[in-house]
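> Below: sequence and its predicted model.
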Amino acid sequence: MSGIKKLSIRNVAERLEIKGASLYWHIQNKNELLQSIADEICKRIKYPDENLSWEEQLLVVTRQLREILLAVVTRPMYL
């Protein structure tokens, strides 16, 4: 098992060197964990210049998202 299927509260707690029960106090389940991760990723995306065309704005946003996701993959503690 790898990737998102391997992600669990227990695995995150182990990586943080804490008890799973301690993490469950803050995050109730895997869906909440995934939502928190998505929120942190989205917080890093900056709004593009409004003077750009919608196509250029879309490119700016997707490039930012790609960079952020690559950073998360190569440096998981980036979040």
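Here it is on my side, so go on.
> Lys46: what's its closest spatial neighbour, skipping adjacent residues?
Sequence neighbours aside, Gln64 is the residue nearest to Lys46 in space, at 6.7 Å (criterion: Cβ to Cβ, 6 or more residues apart in numbering). To be clear about C-beta, it is placed using only N, CA and C from the backbone, and glycine gets the same treatment.
> Which phi and psi values does the one you found adopt?
phi -60, psi -50 (degrees, to the nearest 10).
> Please look at it and Arg44 and confirm they touch.
Yes: if you go by Cβ atoms under 8 Å, Gln64 and Arg44 touch, sitting 7.4 Å apart.
> packing partners for the helix or strand containing Leu33?
In the assignment (DSSP states H and E), Leu33 maps to helix 30-43. Contacting helix 30-43 under the criterion 3 or more Cβ pairs under 8 Å, 6 or more residues apart in numbering; DSSP states H and E are the following elements: helix 9-15, helix 54-74.
> Let me see the confidence value for Met77.
Per-residue pLDDT puts Met77 at 64.
> Mind listing residues that contact stretch 45-52?
Glu56, Gln57, Val60, Val61, Gln64, Leu65, Ile68 (Cβ atoms under 8 Å, 6 or more residues apart in numbering).
> Lowest-confidence one in the residues you listed?
Where pLDDT dips furthest among those: Ile68, at 92.
> Nearest residue to that one in space, ignoring adjacent ones along the chain?
Arg44 (5.1 Å).
> Assess the claim that that neighbour and Arg66 are in contact.
No: when contacts are counted by Cβ under 8 Å, Arg44 is not listed as touching Arg66 (11.8 Å).
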